[in-house]
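# quick check, what structure comes out for this input:
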Amino acid sequence: MTASTDPTDRTRVIVVDDHTLFRELLAGLLAQEPWLDVVAQGDSGPAAVALARQHRPDIALLDVQMPGPGIRTTVLEIHRHCPQTHCVVLTMRDDPALLRSLIDAGAAAYLLKSVSSRELLASIRSVITAPDRIHLSISRDMIKAFDSPGGGTSPLSPREAEILRHVAQAHSNAEVAAALFLAETTVKRHLTNIYRKLGATSRVDAIRRAHEAGILEPYP
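Numbering: from 1, shown residues only. Below is the predicted model:
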């Protein structure tokens with residue numbers, strides 16, 4: 001089965017978001033459109049991949065922050081199993097590094113959750129009618145970030161990324177310090193900067209956000 005390129009045909013959609021009320025409201029909104037057919041709903045990255053493999057939809061509408069290995073891995077896995085499915089990502093995060101990572105992974109659209117229902121529907125239709133284009137709804141601040149030196153690249157310095165790679169391997173601060181010939185206080189200072197740059201609240205959160213943004217290699 002291949003995705004439809006005719007907007008007069010019913011476009012098959014899966015909606016995946018771990019916030020049940022938001023997901024059900026969004027699915028209900030889409031179901032009101034005569035050209036859309038919501039075939040399934042899910043609440044995690046692994047569920048998104050499983051539903052895509054089961055239903056072979058035209059569109060996978062995905063939240064960025066869900067349980068699972070991370071949105072980048074989810075998009076990659078959907079494309080690996082269902083190359084005809086277009087991934088439309090919804091997010092609260094105005095993050096150039098995440099945007100670049102998801103576009104590189106093959107996402108067809110990156111939309112802030114502040115978009116109107118009309119904008120969302122227009123984007124879905126555009127993804128179907130113009131699949132070779134990338135469809136974005138982003139803020140001016142994000143555009144400015146791309147124009148700035150290093151815009152759209154990793155917010156972490158090479159040393160910070162190296163430390164985070166060790167942390168992702170479950171190394172303690174003392175072990176990281178010994179491996180990199182640093183003082184443990186220096187490692188702690190770098191971790192504080194990493195949390196701030198990624199908007200993370202813990203080691204686990206920093207690792208997850210770094211995977212999502214493509215700063216660390218995706219989980220196997």
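
# how much space separates the residue lying closest to A183 once chain neighbours are set aside from G106?
Nearest non-adjacent residue to A183, counting by CB to CB, 6 or more residues apart in numbering: A177, 6.2 Å away. All C-beta atoms are positioned from the backbone trio N, CA, C, and that covers glycine. Look at A177 and G106: by CB to CB, to the nearest Å, they are 38 Å apart.

# ok, now I194?
27 Å.

# look at these two and report which has more neighbours.
I194 (24 against 16; other CB atoms under 10 Å).

# helix, strand, or coil at the more buried one?
I194 carries the three-state label helix when classified by DSSP: H, G, I helix; E, B strand; the rest coil.

# what does stretch 10-20 contact?
Defining contact as CB atoms under 8 Å, 6 or more residues apart in numbering, one finds that stretch 10-20 is touched by 4, 23, 26-27, 30, 34-45, 47-48, 51-52, 55-63, 65-67, 90, 124-125, 128.

# which of these count as buried?
Neighbour-count burial (16 or more other CB atoms under 10 Å) applied to the contacts of stretch 10-20 gives 4, 23, 26-27, 30, 35-45, 47-48, 51-52, 55-63, 65-66, 90, 124-125, 128.

# so which of these are in strands?
When those are checked against strands (DSSP state E), the matches are 36-42, 59-63, 90.

# what is the helix or strand containing the residue nearest to A183 packed up against?
Taking DSSP states H and E as the criterion, A177 maps to helix 173-180. Under the contact definition 3 or more CB pairs under 8 Å, 6 or more residues apart in numbering; DSSP states H and E, helix 173-180 sits against helix 158-168, helix 184-198.

# if you count neighbours, what's buried in that helix?
Buried, per 16+ other CB under 10 Å, within helix 173-180: N173, V176, A177.

# out of the residues you listed, who's nearest P83?
Using CB to CB, V176 comes nearest to P83 of the buried residues of helix 173-180, at 39.4 Å.

# would you mind listing the outside residues contacting the helix holding A177?
Here helix 173-180 makes contact (CB under 8 Å, 6+ apart) with E162, I163, H166, V167, H171, L182, A183, E184, T186, V187, K188, L191.

# mean confidence score for that helix?
On average, the pLDDT along helix 173-180 is 93.

# what's the angle from that helix to helix 158-168?
Angle, helix 173-180 to helix 158-168, by axes from the mean of the first three to the mean of the last three CA atoms, to 10 degrees: 130 degrees.

# can you redo the ones in strands among the buried ones among the contacts of stretch 10-20 as a markdown table with pLDDT and distance to S117?
Converted to a markdown table, these look like this (pLDDT from 0 to 100; distance: CB to CB, whole Å):
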| residue | pLDDT | distance to S117 |
| --- | --- | --- |
| L36 | 97 | 12 |
| D37 | 97 | 17 |
| V38 | 97 | 14 |
| V39 | 97 | 20 |
| A40 | 98 | 21 |
| Q41 | 98 | 18 |
| G42 | 97 | 21 |
| I59 | 97 | 15 |
| A60 | 98 | 19 |
| L61 | 98 | 13 |
| L62 | 97 | 17 |
| D63 | 94 | 16 |
| L90 | 94 | 12 |
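
# quick check: the two most widely separated of those residues?
Every pair of these checked by CB to CB; the farthest is D37 and D63, at 20.1 Å.
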